[in-house]
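Student: Quick one, structure for this:
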Amino acid sequence: MVPISTDGLKAALLAKFAPPPWEEDSPARVAIDSTLAQDHTARVIDRVIQDIDLQPLLDSYSGRGRKAYRPDLLLAVVLFEMYSGRQSPSQWADDLRHHNPVRWLARGLCPCLSVLYEFRDRLAPFVETWHQQVVAAISDLRPEVADTTTLDGTTLEANASRHKMAHLDTVEKHLQQLEQAEKAIAENPPVAENPPAPQQPEWMAKTSAGREQQSERHQHAKERLEEMLERNHRRPKDKRLPDKQVRVSITDPEAASGRDKHGVYRPLYNVQLVWSLMAPVILAFGVFSQAGDHGMLPNMMERLTRQAGRRPKKVLADSAYTSADDLAYCAKHDIDLYGPWQENDFTKDRPAVKSPAQIPKAQFAYDGERDMYRCPENHDMPFEEYKYKRRADGMNTRSKVYRCPAEHCKACPLAATCAKLPNKGRTIQRHPQQELIDKHVERMGTAEAKDQYRQRGQGERPFADLKTHRGLHRLNGRGLTRAKTQTALAVLQHNLQQLDSLKKTGNTGEPSPSTCKIPA
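Tutor: Below you'll find the model as predicted:
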């Protein structure tokens, strides 16, 4: 898909939308224009918005009734406000009246607050397509942009109270109370001259419309909780939560419950970014209703393939993305994954265990031809049985168990540091993907892999920029769709400016100074 031509855009705007109060040469706009530097962000946004195809957005307006505000101008305002760290439509409304760069972009438009909220929701179906167009344009200038990437995630605070988390029993109780209140009012309608004081809980709305909204939110919360409980029951027993601890926020049931970066238990969303190490570009993004990063790598690689049009050659990630399933996925698609195996910054800082540590599995040699292990004392450990472990997705992982005969372990000089129960013999479990795991661990021990992995820290840059400078530490709207839209708009404004910088430097492979730093 190519951006709509300038003539086609003008024709569509004239036919469907109301003209803005200011023309290009209006005295008010000219006066503001004289105060803006040539490299001002407002000028960049006004220029780069032409790199995306606005035709689907224009077609989303019916063209009937009163003419709507020009969506290209409103989109430019939204992208500038995202860059400025002002994420709320109420802030946009204020800036449209008092902030000169925003007034210059909007050509004097002053839409009401409801129009801005509606426009934000209208953008939801189009932002991912625009992201694909921008990344494709960057790939044309820098074909190697997706070769080496980093994958990381962070949590954003949902727009919901962390003090009113409810479990399923509470939600069902509230639904019953709402139903009883409506039934009581229907049987005894209040008299307008002397309405009786209804006996209802403090949390319940006073009007019928308010109670109807509460009922819809509680019903949504009930469905979400039932889904979460079903998933929780599929987890292994040692990781299963009591039903009372499975809770959601009534105001945003789609948000996951977990601890944020400050250790506070609250509703939140998980944002995943794929960052290019060849240019400061966000190649792919995703927003999910889960607190952790486990299992995200295949999903994000598929998103990268869809959004950037190709898979990377190298991916740098932390231990949350290096499970056996992740290794199998990368091996299948010829992706070199660099990341520690079952180790992170927290495990390195753990205090040393006072008791003698058990001899690690790495010191036991596996004989593939005979399908058995040999212990450090050169004793055979034949296959004994299969062991099944239930995963969170309901599937079972089948591992092989190998055991050293008890007569060897009881007489072994290493028994104290090898077998926890020498009378039963030392056991070793072999994962179905053990060969991939061993190859990965061996490769991560090389100097080349360690040198490559040191670049992973650059993957923190986009999060630092979005949270610190763009105000994306807390979401403004409620629900997963709005969380995706807000994140996508923040990513879009970043990539559009990087595309503009790359156009200035040309296809030289050398980034301009503006692309080497995160603007404040």
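Student: for the residue minimising distance to the centre of the chain, helix, strand, or coil?
Tutor: By CA atoms, centre = their mean, the mean C-alpha position of the chain lies nearest to residue 271, the distance being 1.8 Å. What DSSP: H, G, I helix; E, B strand; the rest coil gives for residue 271 is strand.
Student: That one and residue 155 touch, don't they?
Tutor: Yes. With contact defined as CB atoms under 8 Å, residue 271 reaches residue 155; the gap is 7.4 Å. From N, CA and C alone the C-beta is placed, and that goes for glycine too.
Student: quick one: least confident helix or strand in the chain?
Tutor: helix 345-348 (a mean of 52; mean pLDDT, DSSP states H and E).
Student: Give the buried residues for the next helix-or-strand element following it.
Tutor: Next helix or strand after helix 345-348 toward the C-terminus (DSSP states H and E): strand 365-367. Buried residues in strand 365-367, counted by 16 or more other CB atoms under 10 Å: residue 366.
Student: Which strands or helices does strand 365-367 pack on?
Tutor: Secondary-structure packing of strand 365-367 (3 or more CB pairs under 8 Å, 6 or more residues apart in numbering; DSSP states H and E): strand 372-374.
Student: In the strand it packs on, which residues are buried?
Tutor: 373-374.
Student: do you know how far residue 376 is from residue 422?
Tutor: 14 Å (CB to CB, to the nearest Å).
Student: more crowded one of the two?
Tutor: Ranked by neighbour count (other CB atoms under 10 Å), residue 376 and residue 422 place residue 422 first, with 19 against 14.
Student: so what's that one up against?
Tutor: Neighbouring residues of residue 422 by CB atoms under 8 Å, 6 or more residues apart in numbering: 406, 409-410, 412, 415.
Student: I'd assumed it was in a strand, is it?
Tutor: No. Under three-state DSSP, residue 422 sits outside any strand and is assigned coil.
Student: In space, what's closest to residue 306 - neighbours in sequence excluded?
Tutor: Once flanking residues are discounted, residue 306 sits nearest to residue 132: 7.5 Å by CB to CB, 6 or more residues apart in numbering.
Student: Give me the helices and strands touching the helix or strand hosting that neighbour, please.
Tutor: Using DSSP H and E, residue 132 falls within helix 127-141. Counting contacts by 3+ CB pairs under 8 Å, 6+ apart, helix 127-141 packs against strand 282-288, helix 296-308, helix 480-505.
Student: Can you tell me which of the ones you listed is most buried?
Tutor: strand 282-288 (a mean of 24; mean count of other CB atoms under 10 Å).
Student: average pLDDT for it?
Tutor: Averaging pLDDT along strand 282-288 gives 94.
Student: Repeat that for stretch 168-177.
Tutor: Average pLDDT, stretch 168-177: 93.
Student: how distant is that stretch from the center of its chain?
Tutor: Averaging C-alpha positions (CA atoms, centre = their mean, to the nearest Å) puts stretch 168-177 31 Å from its chain's average.
Student: where in this protein is pLDDT low?
Tutor: When residues are selected by pLDDT under 70, those of the chain lie in 1-12, 14, 190-198, 344-357, 392-394, 506-520.
Student: try 80
Tutor: Residue ranges of the chain with pLDDT under 80: 1-15, 63, 187-200, 238, 342-357, 390-395, 505-520.
Student: Phi first, then psi, for residue 267.
Tutor: Backbone geometry at residue 267, expressed as degrees, to the nearest 10, gives phi -70, psi 140.
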